[in-house]
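Visitor: below is the sequence, then the predicted model.
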Amino acid sequence: MTTPLNDALPAVEPIDLTRSKTSSKTIMSVSLTVITGFFTLLVLAPLVAVVFDVAREGLPRLGLESFTELPPPPGLTDGGFGHAIVGSLITLGIATAFSTPFGILAAIYLSEFGRGSRVAYWVRFSANVLTGVPAILAGLFAYSLVVATMGNFSAFAGGVALAVLMLPIVMRTAEEGLMLIPHEVRLAALGIGATRFQTITQIVLPAALPAIATAVTLALARAAGEAAPLLFTALNNNFWSTDAFAPIATLPVLIYFFAIIPFRAQQELAWAAALVLLGIVLIVSIVARLIARQKKY
Amino acid sequence: MTYSTITSSTDTLLQVNNVSVYYGSVLALRDVFLDIPKQQVTAFIGPSGCGKSTLLRCFNRMNDLIPGARVEGKISYRGKDLYDSDVDAVEVRRRVGMVFQKPNPFPKSIYDNVAFGARIGNSKENLDELVERSLRSAALWDEVKDKLKASGLSLSGGQQQRLCIARAIAMQPEVILMDEPCSALDPISTLRIEDLMHKLKQQYTIVIVTHNMQQASRVSDMTAFFNAEAAEGGNRFGYLVEYDKTGAIFNSPQQQATQDYVSGRFG
């Protein structure tokens, strides 16, 4: 394909563009890739090890009776921990009932009314501090607020303790979800005469619903595994109970007590209970991911 | 600076009387006098920063939502000062609706987008009929009648903007403000919206801000030309240069600045 015009042009000398396998650049690139890959695996190792270990110890003991029966008296075998599953669900239910409305209303204030204000700054700062507060202090708070005034340990007190842990997570995650809704959408509603209330309840909240649901499920996943705040609020109970104002068994506390007593049957139950707890947290987290995926923006 | 108060055959609906607008301590628009006639299209043209969008936002008190915005002077709507302390901004916006530069449908179905406007307007009319009539008025019905349950965000840009117009129509306002409604659209969608404006002015008073002079000359009955000037300290503020019938602004402007702008010498 030479044209007369091309013939007239002088040829350009070819250059060598092949990659050298021994240059310091290539060696550096390969070794850094290997190192980052290795550390990534190292980070995953504890998670895999925990799941593997809990499954190995817990699976053989897990059966239908785990969910339907009470633990055996010391010295005997068989039985389950159905009462602790019910207890965990009740305390988490109470915690959600408290933390969700407070957290979402606070998030609405932060994103819709308090943007850039001093109040919003301090509320946000306090929530961040609350996120970092050790869980046992949340238990201490619920103990002095509920147990000391009502005179007995209860599922309700446990729920309050877990609500304190959930509150900042619900609030900050829901706030982030509300902030993602474009400002133009709010202007669109206000610009045709909608009130602030109509704009927030009919436009902003429905659009942020997946984010808010994610906020609640993430907080639930965090609270489900906490034993420390329940130790001196919900305490424990060896029998079936659905009374919100009586002590109640929960999975993390049951695992704690059964893991430290010297009976083989109880220790095996603790492993099975740990597996169930892991399953609950996993399911809740997956649900959160699925909801978050249906984002509207 | 000159201004003309044109008393044509139509009635004045909005009256701007010596209005200046400040953002914080910065002057954005100075000393505007302007009468907007009923059931006509009035266009605001001028270079960036000349305050034309600022004035538009005063007509339905959208400036209230910008922290620090302050309006001096008097803007009357049917003789009532819009900035009187007893005026409810929400009530103003129900009569003076706004369509924005960027199409901004709600993340809801096409039907619900329009129905939201209808519910705000508190119409006694059957909702289905009002939604259909609004979509027809916005020249969108034929394109969406088979997918009313689809998301408003699934439409093309031009369709989204017509959906926003339908949503504004559904609350049955008297005035529709349009802030550069076609600047994010392709030429064909732009033409459709311009056609739409011709039809809408039989029923509504339309005020449109546009960067596009051809658009102003095609759609508007009245045109106001704003210009910007640097104040002491370097901030630029806008002012009204000339306001007249559109034909006069484009063919025989009284001011040199208007002549220069409409003939494309600057801006």
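Guide: Sure thing, it's come through.

Visitor: from here on, just use CA atoms for contacts and neighbour counts.
Guide: Will do.

Visitor: alpha carbons of stretch B:254-265, in PDB - could you do that?
Guide: Extracted C-alpha coordinates of stretch B:254-265, given in PDB (Å, rounded to 0.1, in the frame of the first residue of the first chain):
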ATOM      1  CA  GLN B 254     -33.200  51.500  22.200                       C
ATOM      2  CA  GLN B 255     -29.900  50.700  24.100                       C
ATOM      3  CA  GLN B 256     -26.500  50.100  22.500                       C
ATOM      4  CA  ALA B 257     -25.800  47.300  25.000                       C
ATOM      5  CA  THR B 258     -29.000  45.500  23.900                       C
ATOM      6  CA  GLN B 259     -28.000  46.000  20.300                       C
ATOM      7  CA  ASP B 260     -24.600  44.500  21.000                       C
ATOM      8  CA  TYR B 261     -25.900  41.500  22.900                       C
ATOM      9  CA  VAL B 262     -28.700  40.500  20.500                       C
ATOM     10  CA  SER B 263     -26.400  40.900  17.500                       C
ATOM     11  CA  GLY B 264     -24.000  38.500  19.200                       C
ATOM     12  CA  ARG B 265     -21.200  41.000  19.800                       C
END
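
Visitor: tell me the buried residues in that stretch?
Guide: Residues of stretch B:254-265 classed as buried: B:257-259, B:261-262 (neighbour count, 16 or more other CA atoms under 10 Å in any protein chain shown).

Visitor: please apply the same query to stretch A:123-137.
Guide: Neighbour-count burial for stretch A:123-137, counted by 16+ other CA under 10 Å, picks out A:123-124, A:127, A:130-131, A:135-136.

Visitor: inside helices: which ones of the buried residues of stretch B:254-265?
Guide: Of the positions in the buried residues of stretch B:254-265, B:257-259, B:261-262 sit in helices, assigned by DSSP state H.

Visitor: now pLDDT too, for those, in JSON lines please.
Guide: Output for those, formatted as JSON lines (pLDDT from 0 to 100):
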{"residue": "B:Ala257", "pLDDT": "91"}
{"residue": "B:Thr258", "pLDDT": "92"}
{"residue": "B:Gln259", "pLDDT": "91"}
{"residue": "B:Tyr261", "pLDDT": "91"}
{"residue": "B:Val262", "pLDDT": "89"}
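
Visitor: identify the farthest-apart pair in those.
Guide: The span of these, defined through CA to CA, is set by B:Ala257 and B:Val262 at 8.7 Å.

Visitor: overlap in contacts, the two.
Guide: Contact criterion CA atoms under 8 Å, 6 or more residues apart in numbering or on different chains; no residue bridges B:Ala257 and B:Val262 by contacting each.

Visitor: re earlier: take the ones in helices among the buried residues of stretch B:254-265 and lay them out in JSON lines including distance to chain A.
Guide: Below are these laid out as JSON lines (distance: CA to the nearest CA, whole Å):
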{"residue": "B:Ala257", "distance to chain A": "33"}
{"residue": "B:Thr258", "distance to chain A": "31"}
{"residue": "B:Gln259", "distance to chain A": "34"}
{"residue": "B:Tyr261", "distance to chain A": "31"}
{"residue": "B:Val262", "distance to chain A": "31"}
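
Visitor: residue numbers of the stretch 51-200 of chain B in contact with chain A?
Guide: By the rule CA under 8 Å from any CA of the partner chain, the part of the stretch 51-200 of chain B lying against chain A is B:60, B:62, B:90-100, B:104-107, B:117, B:120, B:168, B:171.

Visitor: need the contact list for the nearest residue to B:Gly117 once chain neighbours are set aside.
Guide: Computed as CA to CA, 6 or more residues apart in numbering or on different chains, the closest residue to B:Gly117 that is not its neighbour in sequence is B:Met171, at 4.6 Å. Applying CA under 8 Å, 6+ apart to B:Met171 gives the contacts A:192, B:94, B:117-123.

Visitor: can you give me the end-to-end distance of stretch A:226-240?
Guide: 21 Å (CA to CA, to the nearest Å).

Visitor: only the buried residues of it, if you could.
Guide: A:226-238, A:240.

Visitor: keep the residues you listed, but drop any that are not near chain B.
Guide: Of these, not one also sits near chain B (CA under 8 Å from any CA).

Visitor: just the ones of those in helices?
Guide: The helices, defined by DSSP H, take in A:228-231 from the buried residues of stretch A:226-240.

Visitor: mind putting those into a markdown table with pLDDT?
Guide: Shown next, in a markdown table, are these (pLDDT from 0 to 100):
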| residue | pLDDT |
| --- | --- |
| A:Ala228 | 93 |
| A:Pro229 | 94 |
| A:Leu230 | 95 |
| A:Leu231 | 92 |
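
Visitor: could you point out the longest helix of chain A?
Guide: Every helix in chain A considered (DSSP H), the longest is helix A:24-58.

Visitor: may I have the next helix or strand after it as PDB, with CA atoms only?
Guide: Using DSSP states H and E, the helix or strand that follows helix A:24-58 in sequence is helix A:64-68. C-alpha atoms of helix A:64-68 as PDB (Å, rounded to 0.1, in the frame of the first residue of the first chain):
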ATOM      1  CA  LEU A  64     -34.000 -29.400  65.500                       C
ATOM      2  CA  GLU A  65     -34.000 -29.700  69.200                       C
ATOM      3  CA  SER A  66     -31.400 -26.900  69.500                       C
ATOM      4  CA  PHE A  67     -34.300 -24.500  68.500                       C
ATOM      5  CA  THR A  68     -37.100 -26.100  70.500                       C
END
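
Visitor: neighbouring contacts of helix A:64-68?
Guide: Outside helix A:64-68, the residues touching it (CA under 8 Å, 6+ apart) are A:79-83, A:85, A:272.

Visitor: coming back round to it: tell me the pLDDT at the residue nearest to B:Gly117?
Guide: The per-residue pLDDT reported for B:Met171 equals 91.

Visitor: distance-wise, check the residue nearest to B:Ser220 when sequence neighbours are not counted relative to chain A.
Guide: Spatial nearest neighbour of B:Ser220, excluding adjacent residues (CA to CA, 6+ apart): B:Val41 at 4.7 Å. Counting by CA to the nearest CA, to the nearest Å, the separation of B:Val41 from chain A is 19 Å.

Visitor: quickly list what B:Val41 is bridged to.
Guide: B:Ile206 (DSSP bridges).

Visitor: and it, how many neighbours?
Guide: B:Val41 has 26 neighbours, counted by other CA atoms under 10 Å in any protein chain shown.

Visitor: related to what we said a few turns ago, so which of the residues of the stretch 51-200 of chain B next to chain A belong to helices?
Guide: B:90-95, B:117, B:120, B:168.

Visitor: list only buried entries from these.
Guide: The neighbour count (16+ other CA under 10 Å) marks B:90, B:92-95, B:117, B:120, B:168 as buried among those.

Visitor: redo these as CSV? Include distance to A:Gly63 and pLDDT.
Guide: CSV is the format used below for those (distance: CA to CA, whole Å; pLDDT from 0 to 100):
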residue, distance to A:Gly63, pLDDT
B:Val90, 62, 93
B:Val92, 67, 94
B:Arg93, 64, 95
B:Arg94, 63, 93
B:Arg95, 67, 94
B:Gly117, 57, 89
B:Ile120, 57, 85
B:Ala168, 61, 94
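
Visitor: and for B:Lys74, nearest residue in space, chain neighbours not counted?
Guide: B:Asn17 (5.1 Å).

Visitor: show me the contacts for that neighbour.
Guide: Contacts of B:Asn17 (CA under 8 Å, 6+ apart): B:31-34, B:73-76.

Visitor: quick one: name the residues of chain A near chain B.
Guide: Counting by CA under 8 Å from any CA, chain A sits next to chain B at A:184-185, A:188, A:190-195, A:203, A:207, A:296.
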